[in-house]
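Student: 3D, please:
(chains A and B)
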Amino acid sequence: MTQVLELQFETVAGKTATFAIDAPKPKVTAEEIQKVMQTIIAKNVFDGQAGTLIAMSGARIVDRQVTEFDLKIE
Amino acid sequence: MAKVNFLGATLRLKYVAGHNAQNEPMFTTKTYRNLNSSHTAEDLVEVAYAIASLSSHALDSIVKQETTDLS
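Tutor: Alright, predicted model coming up:
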């Protein structure tokens, strides 16, 4: 199972910007995530087409299950 | 005097994702696009550490890649 932590921000244009973090720490807390998101907003280093990040909009962990098939490849 | 026009910059975080059979570190890189032109190196480092603090991988290095238009 692969896990990705997604941080979602609201931008000044009213759009959502997503930051993905691979292999999130197990048992990461909402408080820790909130602190990091506040740091990202406060430091204001990102500015995409949709504009500056202005607020937190959400955070989620996405699980991905990958099943490989055993193919006979010559 | 040449003109330097900022086009864009990305933040690349290099992590140690594990070790191979020879116990050599294996790296993985995560890229964050859309850095603005007004950031400082200090702010960037702080943001990089903040992002890396949520990962179970150890942060190996922080790279900023900037593209500029020269004329």
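Student: nearest residue to B:L54 other than its sequence neighbours?
Tutor: Residue nearest to B:L54 in three dimensions, not counting chain neighbours: A:I21, with 5.1 Å by C-beta to C-beta, 6 or more residues apart in numbering or on different chains. Every C-beta, even on glycine, is put in place using the N, C-alpha and C of the backbone.
Student: contacting residues for the one you found?
Tutor: Residues in contact with A:I21 (C-beta atoms under 8 Å, 6 or more residues apart in numbering or on different chains) are A:V4, A:L5, A:E6, A:L7, B:K30, B:I51, B:L54, B:S55.
Student: now do the first one, the pLDDT please.
Tutor: The one in question is A:V4. Predicted confidence (pLDDT) for A:V4: 95.
Student: list the contacts of the most centrally placed residue in chain B.
Tutor: Against the mean C-alpha coordinate of chain B, by C-alpha atoms, centre = their mean, the closest residue is B:R12 at 2.4 Å. Residues in contact with B:R12 (C-beta under 8 Å, 6+ apart) are B:T29, B:K30, B:T31, B:Y32, B:I62, B:V63, B:K64, B:Q65.
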